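Chemist: Structure of the sequence below:
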Amino acid sequence: MPARDLPACVILELLDHIRYDDLRTSPEQSRDLQSISLVCKKWAEVAQPLLFRQVSLSTMPQLARFLTVARDRPALVSAVRQLRVIVKSSGPNGDITHYELPKLLRCCPRLYELDLATTLPTFSDAVLTALQRLPCRPTALRCTNLQVEASEVPYQLTRIWQDSLRFLVLGGEPFHLIRRPPTDSPPPTGKLKEFRWTSFDRPSDAVLRWFLGSQPGDLRYLSLDCLPDEPAFHDLLRIHGPHLRSLRLRDLFGVDAESLAQCTNLEEFSLDRGMDERVLSVLARHKGTTQPATFTHLEFGVRVKTPESQALETAVQRAIQTGRFPDLKTITLKQWGGTWSLESVLKRWKALLPEIEILDGSTKRTPEQRKKSTSKRTSADAIHLHELSRLDKLPKSTQPSQLPTHE
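Modeler: Numbering: from 1, shown residues only. Next up, the predicted model:
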């Protein structure tokens, strides 16, 4: 059968072998989709919308070309689901200014995630009013500050989109958020499902309370690359810990691991550095408040060929064999420090714990490896926020091994 006569459903099935993540296409996958779109008109009709699902703009010439496509082929631009924009102050270099942002978002009626990187400390009231009046508002917001000066932009955007935002990621290096939320800016009344702090700049208690609230809400996924001080961390988990399904931390430096005992219904816990027998002991004491805990996924970093790694291996094996994690299905190992290969460690762990699925959580993996790994997790850096939205609609009894992969 000629390629042009294949049904659209068959073409989509073929494309699924090229892209393991339909909202975060790699450069290699983009080139493949571009080549496929040149096969014939029918294939182009299927491949081109996939190319437009993720758009990245950083200059005025790029924006001008995008707006031209939006004018001539609005249906194609309506396929945009994830938009990354770099916004800077006006200058001679053709940078995109924040005054162009409302015009750009108006062209994307099905926008799901806005990934915004900016050098501006604040947006003007006129721009904020125009953004607030748009019929389409993002569900997920990633906000990155590209300069040393403290920024108010995350506060501003979270406030005007509080009714639609469910996933918020704040970060960047350097990342300097105004530590005290503006007094004339009331905390948002929306309900975030996920909050990720990806900066090494320590968040203050006031910042966390402004974004997450001082009362239990809908927060289910929390990820912190840098922890607040001990009182703020303990208070944060006191408020939101009992409702969390996934907690992901870089380390526990400067805080008491006993605070983790307040997270009584975790399904997943990730710790890049510092996993030891004490942390495992705190996690093993989880008892759900309304139902038995279903702790199914544990992720942590290991230092290959070190006494700490051997001690951790023994502690995890003992905890599993003594029944302290009866529902554990998956362990993900990540290497940190040193240059040794993780392959030998993975083989040894698989031999020691044959009943547990052992996954490679390192960043240097093939798309197929990442697809297999992320499909087993409740929440992970490699999973797109859209996947988390679908996960939250699943029954609480759903295990990570049963979680759906991307469509």
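
Chemist: Can you list the low-confidence ranges for this structure?
Modeler: Where the chain drops to pLDDT under 70, the residues are 1-50, 90-93, 148, 173-179, 190, 286-293, 337-340, 363-407.

Chemist: all strands for it, in order.
Modeler: 54-57, 82-87, 113-118, 140-145, 167-171, 194-197, 221-224, 246-249, 268-271, 297-302, 330-335, 357-360 (DSSP state E).

Chemist: Please convert those to a markdown table, extending it with distance to Gly323.
Modeler: To be clear about C-beta, it is placed using only N, CA and C from the backbone, and glycine gets the same treatment. Output for these, formatted as a markdown table (distance: least, CB to CB, whole Å):
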| stretch | distance to Gly323 |
| --- | --- |
| strand 54-57 | 45 |
| strand 82-87 | 43 |
| strand 113-118 | 41 |
| strand 140-145 | 39 |
| strand 167-171 | 35 |
| strand 194-197 | 31 |
| strand 221-224 | 27 |
| strand 246-249 | 22 |
| strand 268-271 | 18 |
| strand 297-302 | 15 |
| strand 330-335 | 16 |
| strand 357-360 | 18 |
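
Chemist: what about Leu165, neighbour count?
Modeler: The number of residues packed near Leu165 is 23, by other CB atoms under 10 Å.

Chemist: Quick check, it in contact with Pro154.
Modeler: No. Between Leu165 and Pro154 there is no contact under CB atoms under 8 Å: 10.8 Å.

Chemist: returning to what we had before: nearest to Leu212, of the strands of the chain?
Modeler: Evaluated with CB to CB, the strands of the chain place strand 194-197 nearest to Leu212, the distance being 6.0 Å.

Chemist: With only the CA atoms kept, save that closest one in CSV.
Modeler: As requested, the backbone C-alpha atoms of strand 194-197 are provided in CSV (Å, rounded to 0.1, in the frame of the first residue of the first chain):
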residue,chain,number,x,y,z
GLU,A,194,2.1,20.3,42.2
PHE,A,195,4.8,22.8,43.3
ARG,A,196,8.4,22.5,42.3
TRP,A,197,11.3,24.7,43.5
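
Chemist: gap between that strand and the chain center?
Modeler: The chain centre lies 8 Å from the centre of strand 194-197; the measure is CA atoms, centre = their mean, to the nearest Å.

Chemist: That one - which strands sit beside it in the sheet, and in what orientation?
Modeler: According to DSSP bridges, strand 194-197 forms sheet pairs with strand 167-171 (parallel), strand 221-224 (parallel).

Chemist: still on that earlier bit, switch the strands of the chain over to TSV; also include distance to Arg106 and mean neighbour count.
Modeler: Compiled in TSV, the strands of the chain are given as follows (distance: least, CB to CB, whole Å; neighbours: other CB atoms under 10 Å):
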stretch	distance to Arg106	mean neighbour count
strand 54-57	14	18
strand 82-87	12	21
strand 113-118	13	21
strand 140-145	17	23
strand 167-171	22	21
strand 194-197	26	22
strand 221-224	30	22
strand 246-249	34	22
strand 268-271	38	23
strand 297-302	40	24
strand 330-335	41	20
strand 357-360	42	20
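
Chemist: Looking at the strands paired with strand 194-197, spot the one closest to Arg159.
Modeler: Judging these by CB to CB, what sits closest to Arg159 is strand 167-171, at 11.8 Å.

Chemist: now the closest one against strand 113-118, angle please.
Modeler: Orientation check (axes from the mean of the first three to the mean of the last three CA atoms, to 10 degrees): strand 167-171 against strand 113-118 gives 20 degrees.

Chemist: Next, the residues that contact strand 167-171 from outside, please.
Modeler: With contact meaning CB atoms under 8 Å, 6 or more residues apart in numbering, strand 167-171 is reached by 113, 139-144, 154, 158, 177, 192-199, 211, 225, 385, 388-389.

Chemist: repeat that with 7 Å
Modeler: 139-144, 154, 158, 177, 192-199, 211, 385, 388 (CB atoms under 7 Å, 6 or more residues apart in numbering).

Chemist: Run through the residues that contact Leu134.
Modeler: Counted by CB under 7 Å, 6+ apart, Leu134 has contacts 102, 105-106.

Chemist: Alpha carbons only: can I get stretch 87-106 in PDB?
Modeler: Provided in PDB are the C-alpha atoms of stretch 87-106 (Å, rounded to 0.1, in the frame of the first residue of the first chain):
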ATOM      1  CA  VAL A  87      11.100  37.800  27.500                       C
ATOM      2  CA  LYS A  88      13.600  40.600  27.900                       C
ATOM      3  CA  SER A  89      13.500  44.400  28.100                       C
ATOM      4  CA  SER A  90      13.300  46.200  24.800                       C
ATOM      5  CA  GLY A  91      16.700  46.700  23.100                       C
ATOM      6  CA  PRO A  92      18.500  46.700  19.800                       C
ATOM      7  CA  ASN A  93      18.900  42.900  19.700                       C
ATOM      8  CA  GLY A  94      15.400  42.000  18.600                       C
ATOM      9  CA  ASP A  95      14.400  40.600  22.000                       C
ATOM     10  CA  ILE A  96      10.800  39.700  22.700                       C
ATOM     11  CA  THR A  97       9.300  42.100  25.200                       C
ATOM     12  CA  HIS A  98       6.500  41.400  27.700                       C
ATOM     13  CA  TYR A  99       4.200  43.700  25.700                       C
ATOM     14  CA  GLU A 100       4.100  41.000  23.000                       C
ATOM     15  CA  LEU A 101       3.100  38.200  25.400                       C
ATOM     16  CA  PRO A 102      -0.700  38.800  25.400                       C
ATOM     17  CA  LYS A 103      -0.700  38.800  21.600                       C
ATOM     18  CA  LEU A 104       1.300  35.600  21.500                       C
ATOM     19  CA  LEU A 105      -0.900  33.700  24.000                       C
ATOM     20  CA  ARG A 106      -4.100  34.800  22.200                       C
END
